[in-house]
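K.L.:
just to be clear, the model below is a prediction. Sequence and coordinates:
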Amino acid sequence: MFSVHSLLLLFLCFHLNSTINRSVQYLPECFQIILEDIYFFSMVGTLLYVRICDDQIEELLSIMERSFSRAVPKVFRKCEIVSKLLIILFGIQFTLVILDVVGEALLPLSARDLEIQRLVYKTKHSERRLPFHVLIPFIDETESWTYGILFVLQVYISLLIIIVSIITFTAVPIMVFNLYGQYKILSKYVEKIGKEHRDALGNCIIYSNIETNTFFYIKKERETLRNGKKLKEVYERNYIKQIVRFHQKLLLFQKKVSIDFYFLYIPTHNFLVDIFGGFSCYITEGCFWGISRILFSKQHSSIKV
């Protein structure tokens with residue numbers, strides 16, 4: 001992991017060096033390269049932040065995997081589907097953007113662009129372009145062996161950028177949406193307060209753990225209701241406690257997500273969404289939330305705990 005971080009930092013330094021010493025000579029190129037610098041530094045900062053907060057992130061993922069309720073399988077499956085869909089949509093989007101950048105570097109330049117390349121970058125083989133401009137001291141990046149090595153390294157760095165970008169743009173939405181699914185499950189139990197609890201076949205039941213949907217049957221229903229009025233009150237009190245406990249657990253998870261991911265997601269997303277495929281990012285998010293609304297359209301209910 002140290003070697004990957006070192007490679008990324010070197011790349012950032014050489015890219016920034018090119019911005020300062022070359023790109024400033026041609027304004028349109030300068031603006032584009034500056035935006036690239038901002039994006040790359042943000043992504044590396046995000047990667048370092050994720051690395052530093054590795055324990056907290058692992059804890060949140062562990063809570064989602066082991067502690068989140070699966071009492072309503074239909075809701076849980078829908079959350080899984082939407083989470084995977086979000087990763088796929090953003091993965092396709094960022095992959096297409098990187099393929100466009102790499103593919104553009106392989107296309108021949110027009111006479112005008114070639115002349116600009118010669119004037120701005122002053123390399124021996126101006127027709128050779130890398131996906132991202134770099135300036136390495138005492139080395140001409142367009143020489144055959146140098147160009148080949150740098151091109152392969154930049155393709156590898158592009159793959160890392162795709163992975164980090166997907167993490168940045170999907171981590172919090174996935175956690176929040178799974179949390180939303182948990183609230184949907186909780187709301188179903190809230191609706192049952194003060195009512196007789198029955199299974200799918202209509203048998204009278206008593207919940208021992210609502211989070212795991214664990215219950216046992218009441219065999220002598222009429223006798224229990226006649227002679228066990230106090231027992232029923234005790235059960236209802238216990239049922240409310242289970243709901244409150246479940247709700248408190250969700251609030252704690254919500255707080256952890258807010259604290260651990262605020263600096264990762266909010267500033268990065270709001271700023272970078274306008275730099276790196278901003279319009280398409282909003283379209284992707286719109287598709288994601290649109291599909292999620294369709295999946296849950298028949299399950300609207302308020303939560304009052």
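P.N.:
Thanks, I have the structure now.
K.L.:
kindly list the longest helix within this protein.
P.N.:
The longest helix of the chain (DSSP state H) is helix 144-190.
K.L.:
each with direction, which strands does the very next helix or strand once past that helix pair with?
P.N.:
For helix 144-190, the succeeding helix or strand toward the C-terminus, using DSSP states H and E, is strand 205-209. Here the strand partners of strand 205-209, with direction, are listed using DSSP bridges: strand 214-217 (antiparallel).
K.L.:
off-centre distance for the strand it pairs with?
P.N.:
The gap between the average C-alpha position of strand 214-217 and the chain average comes to 37 Å, counting by C-alpha atoms, centre = their mean, to the nearest Å.
K.L.:
point out where this protein drops to low pLDDT.
P.N.:
Across the chain, residues meeting the criterion (pLDDT under 70) sit at 1-2, 219-229, 260-305.
K.L.:
pull up the gap between the residue most central in space within it and H5, please.
P.N.:
Nearest to the mean C-alpha position of the chain, counting by C-alpha atoms, centre = their mean, stands T170 at 1.5 Å. Computed as C-beta to C-beta, to the nearest Å, the T170 to H5 distance reads 22 Å. In this view, the C-beta of every residue, glycine as well, is placed from N, C-alpha and C.
K.L.:
what do you get for K192?
P.N.:
Looking at K192 against H5, where the rule is C-beta to C-beta, the gap reads 52 Å.
K.L.:
and for V164?
P.N.:
Shown here: V164 relative to H5, a distance of 12 Å by C-beta to C-beta.
K.L.:
again with L89
P.N.:
Noted for L89: a distance of 28 Å to H5, by C-beta to C-beta.
K.L.:
so those two - more neighbours on which side?
P.N.:
Counted by other C-beta atoms under 10 Å, L89 and H5 do not tie: L89 has more neighbours, with 21 against 13.
K.L.:
next SSE downstream of the strand or helix carrying that one?
P.N.:
Under the criterion DSSP H and E, the helix or strand holding L89 is helix 73-106. Reading on from helix 73-106 to the C-terminus, the next helix or strand found by DSSP H and E is helix 111-121.
K.L.:
remind me what that next one packs against, helices and strands.
P.N.:
With contacts taken as 3 or more C-beta pairs under 8 Å, 6 or more residues apart in numbering; DSSP states H and E, helix 111-121 sits against no other helix or strand.
K.L.:
hmm, who's touching it?
P.N.:
With C-beta atoms under 8 Å, 6 or more residues apart in numbering as the contact definition, helix 111-121 has outside contacts at R22, S23, Q25, Y26, E29, L109, T123, S126, E127, R129, H133.
K.L.:
may I see the buried residues of that helix?
P.N.:
Residues of helix 111-121 classed as buried under the neighbour-count rule (16 or more other C-beta atoms under 10 Å) are I116, Q117, V120, Y121.
K.L.:
what do you get for stretch 171-179?
P.N.:
Result for stretch 171-179 [16+ other C-beta under 10 Å]: buried residues A171, V172, P173, I174, M175, F177, N178, L179.
K.L.:
looking at it, the fourth one is touching K84, isn't it?
P.N.:
In other words, I174. No - taking contact to mean C-beta atoms under 8 Å, the distance of 9.2 Å between I174 and K84 leaves them out of contact.
K.L.:
I appreciate the help and will end here.
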